[in-house]
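1. Here is my input, please return the structure:
(one chain, ligands or ions: 1)
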Amino acid sequence: MDFYETAGVVPIGNQPRTHFSNQITADLDGKQVVVMGWMHILRDKGKIKFLILRDEHGTVQITIPQKKVSEEVFEVSSQLKPETAISVTGDVVATTQLATGAEIIPTKIRIINTAERIPIDVVEGKVDIDLDTRLNYRILDLRKPSINAIFRVQHSLVRFAREYLENNDFVEIHTPKLVAEATEGGANLFEVKYFERKAYLAQSPQFYKQLMLLAGFGRVFEIAPVFRAEKHNTRRHVNEYTSFDCEMAWISGVEDVMKMEEQMLHHAFTKTKKHAAAELELLEVDLVIPKLPFKRVKYVEAIQLVNEAGKDLSITDDLDPESEQLLGEIFPEKFGTDMVFITHYPLELRPAYTMPSLTDEGMTESFDLTYKGMEITTGGQRIHIYDLLVERFKAKGFNPPDFSFYLDPFKYGAPPHGGLGLGVERLTMQLLGIDNIREATLLPRDRDRLTP
Ligand code: AMO
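-> Sure thing, here's the model as predicted:
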């Protein structure tokens with residue numbers, strides 16, 4: 001207690017919070033409420049002050065007329081600096097002056113914790129600060145309602161995608177992130193010292209999610225961090241991202257995986273539009289739910305389309321970001337949608353575990369899902385036949401014995417299976433029309449950034 005007193009603040013005391021800011025409506029007229037949050041804005045008009053309190057659900061106006069409140073309340077309100085943590089007890093008064101229909105006239109204002117002068121603004125519409133500075137102060141930056149809303153939308157997308165999977169017999173798994181071998185090729189692997197040996201940070205749960213199907217789980221998913229040592233800073237890459245991985249057994253082909261993904265996303269979009277309506281409105285995003293089924297286009301055709309638009313790509317060239325962006329313009333014009341599966345990628349462009357196509361020679365039973373001109377998912381059918389898998393590993397230049405922990409279980413009746421990896425930050429950025437992936441990453445890790 002002494003400590004609190006010397007710091008000039010009081011502990012919360014015995015009056016618990018009764019309402020969030022967005023619950024203060026005209027219906028509560030005359031009721032006593034307790035709200036808690038931060039001092040967002042204080043407009044001092046002399047004999048009357050308007051205090052805007054911000055909490056996790058928005059803001060509420062506390063109106064402080066000198067004539068109607070105690071001397072102590074009026075005095076405390078004068079001391080409030082931006083971002084001071086406060087608790088306000090007061091009476092709700094209905095008013096037509098405010099869009100929310102109600103304000104609070106305080107009977108008590110407690111300073112729960114003081115705030116130093118903040119280095120960046122958290123009030124909407126104030127001067128824009130460059131992203132790097134904002135990320136340096138990310139914890140404060142996230143207090144800004146429109147920044148906070150990005151991650152509430154992200155939460156909603158993940159929540160309802162997970163809901164879909166749980167309703168469809170998928171089991172959530174947790175696989176190691178310290179691994180012995182690369183799953184997606186060696187180019188962007190982080191190496192770590194693992195006692196006397198070398199280990200790597202997982203680029204993907206790829207091998208383990210497949211192995212869990214061989215372990216008898218029919219369908220699995222994992223939502224977890226993965227690591228990519230991307231050497232260059234780009235607007236679409238971070239070095240640690242959240243990978244939303246699914247894998248399903250007993251499929252009849254890659255089409256089963258695409259069907260699952262389109263239904264999962266359709267469910268997540270539809271529910272997010274409803275449950276995150278306030279956040280979407282704040283962010284001025286009109287969430288268009290792509291129609292089912294999503295359009296499918298073969299890789300060969302996608303290459304043709306970008307070439308017709310002036311590029312000069314061959315069939316074994318990867319679609320570079322510029323081509324993806326071009327397709328982002330072409331697809332809506334040609335097919336009336338910005339959510340398109342590109343299928344049947346060439347063998348050269350896909351990892352060793354990808355099932356070669358039986359219908360399209362030299363191609364694979366794989367896909368990418370592109371959304372508004374950016375790849376958000378990679379997926380496909382996997383090889384479940386041991387001899388073919390070993391052959392493909394050799395063809396890619398790997399030494400099969402190094403991968404025996406992965407390859408050997410395929411000798412014992414592996415089921416046909418397939419799955420996908422969806423980048424949570426990419427999905428969020430594309431859905432919200434955000435230009436830089438760092439904005440859709442809670443605490444981004446890039447070439448230059450390891451804190452906060
Ligand atoms: P891939 O390597 O294509 O496939 O990654 C899958 C998805 O992850 C996202 N992504 C990234 N997001 C942010 N920063 C990065 N550096 C980054 N790299 C990739 C993208 C991409 O579509 N094992 C396969 C998936 C599978 O087949 O199941 C894989 O990891 O959204």
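
2. Residue 35 reaches residue 88, doesn't it?
-> Yes. Look at residue 35 against residue 88 with Cβ atoms under 8 Å: they come within range, at 5.3 Å. Where you see a C-beta, it was placed from the backbone N, CA and C, and this is true even at glycine.

3. so what sits against both of these two?
-> Residues within reach of residue 35 and of residue 88 at once, by Cβ atoms under 8 Å, 6 or more residues apart in numbering, are 53, 104.

4. Contacts only, for the most far-flung residue of the chain relative to its centre.
-> Among residues of the chain, the one most distant from the C-alpha centroid is residue 67; the distance is 48.2 Å, by Cα atoms, centre = their mean. By Cβ under 8 Å, 6+ apart, the residues touching residue 67 are residue 47.

5. What pLDDT is listed against it?
-> As predicted, residue 67 sits at a pLDDT of 97.

6. and if you look at residue 14?
-> Model confidence at residue 14, given as pLDDT, is 63.

7. before we move on, what about the one 10 residues further on?
-> Reading off the confidence values, residue 24 has pLDDT 98.

8. which residue sits closest to it in space, ignoring its chain neighbours?
-> Spatially, and ignoring its direct neighbours in sequence, residue 24 is nearest to residue 60 (4.7 Å; Cβ to Cβ, 6 or more residues apart in numbering).

9. before we move on, what SS does the one you found have?
-> Taken by DSSP: H, G, I helix; E, B strand; the rest coil, the conformation at residue 60 corresponds to strand.

10. Number of residues surrounding it?
-> Residue 60 is flanked by 29 other residues according to other Cβ atoms under 10 Å.

11. hmm, back to that, between residue 35 and residue 88, which has more neighbouring residues?
-> Set residue 35 next to residue 88 and count neighbours by other Cβ under 10 Å: residue 88 wins out with 26 against 23.

12. you'd agree that one is up against residue 64?
-> No. Between residue 88 and residue 64 there is no contact under Cβ under 8 Å: 9.8 Å.

13. anything in contact with each of the two?
-> Contact with both residue 88 and residue 64 is made by residues 51, 106, according to Cβ under 8 Å, 6+ apart.

14. CA-only coordinates of stretch 333-347, as CSV, when you get a sec.
-> This file holds the C-alpha atoms of stretch 333-347, laid out as CSV (Å, rounded to 0.1, in the frame of the first residue of the first chain):
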residue,chain,number,x,y,z
GLU,A,333,-11.3,-9.3,-65.0
LYS,A,334,-11.4,-12.7,-66.5
PHE,A,335,-13.0,-14.8,-63.9
GLY,A,336,-14.8,-12.3,-61.7
THR,A,337,-13.0,-13.4,-58.5
ASP,A,338,-9.8,-12.5,-56.6
MET,A,339,-9.6,-16.0,-54.9
VAL,A,340,-8.1,-18.5,-57.3
PHE,A,341,-6.4,-21.9,-57.0
ILE,A,342,-3.4,-22.3,-59.3
THR,A,343,-3.0,-26.1,-59.8
HIS,A,344,-0.6,-28.6,-61.4
TYR,A,345,2.8,-26.9,-60.7
PRO,A,346,5.8,-28.4,-62.5
LEU,A,347,7.8,-31.1,-60.6
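
15. mind checking how far residue 236 is from residue 421?
-> Distance of residue 236 to residue 421, given as Cβ to Cβ, to the nearest Å: 15 Å.

16. out of the two, which sits in the busier spot?
-> More crowded of residue 236 and residue 421, by other Cβ under 10 Å: residue 421, with 21 against 17.

17. Identify the residues contacting that one.
-> 204, 206, 243-245, 377-379.

18. if we go to 10 Å?
-> By Cβ atoms under 10 Å, 6 or more residues apart in numbering, the contact list for residue 421 reads 184, 203-206, 209, 222, 226, 243-247, 376-379.

19. sorry, back to before: helix/strand/coil for the residue farthest from the centre of the chain?
-> Going by three-state DSSP, the secondary structure assigned to residue 67 is coil.

20. Next, it: phi, psi?
-> Main-chain torsions, residue 67, degrees, to the nearest 10: phi -70, psi -30.

21. Okay, it and residue 49: tell me how far apart.
-> Going from residue 67 to residue 49 by Cβ to Cβ gives 12 Å.

22. Common neighbours of the two, please.
-> Shared contacts of residue 67 and residue 49 (Cβ under 10 Å, 6+ apart): residue 74.

23. Which positions within stretch 59-69 qualify as buried?
-> Residues of stretch 59-69 classed as buried: 59-64, 69 (neighbour count, 16 or more other Cβ atoms under 10 Å).

24. Between those, which sits nearest the ligand?
-> residue 59 (32.8 Å; Cβ to the nearest ligand atom).

25. you'd agree the closest one is up against residue 22?
-> Yes. Here residue 59 reaches residue 22: they are 8.7 Å apart, a contact under Cβ atoms under 10 Å.

26. tell me, what's touching the two both at once?
-> Contact criterion Cβ under 10 Å, 6+ apart; residues shared by residue 59 and residue 22: residue 100.

27. lowest confidence element among the helices and strands of this structure?
-> Among the helices and strands of the chain, helix 2-6 carries the lowest confidence by mean pLDDT, DSSP states H and E, at a mean of 60.

28. So which other helices or strands are in contact with the helix or strand following that one?
-> With elements assigned by DSSP states H and E, the helix or strand that comes after helix 2-6 is strand 32-44. Contacts defined by 3 or more Cβ pairs under 10 Å, 6 or more residues apart in numbering; DSSP states H and E place strand 32-44 against strand 48-55, strand 58-65, helix 71-79, strand 85-94, strand 102-113.

29. Restrict the third one to CA atoms and write it as PDB.
-> Which is helix 71-79. Taking C-alpha atoms only, helix 71-79 is exported to PDB below (Å, rounded to 0.1, in the frame of the first residue of the first chain):
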ATOM      1  CA  GLU A  71     -14.500  18.800  -6.200                       C
ATOM      2  CA  GLU A  72     -12.200  15.700  -5.900                       C
ATOM      3  CA  VAL A  73     -13.500  14.300  -9.200                       C
ATOM      4  CA  PHE A  74     -13.000  17.600 -11.000                       C
ATOM      5  CA  GLU A  75      -9.500  18.000  -9.500                       C
ATOM      6  CA  VAL A  76      -8.400  14.400 -10.400                       C
ATOM      7  CA  SER A  77      -9.600  14.800 -14.000                       C
ATOM      8  CA  SER A  78      -7.300  17.800 -14.400                       C
ATOM      9  CA  GLN A  79      -4.300  15.700 -13.600                       C
END
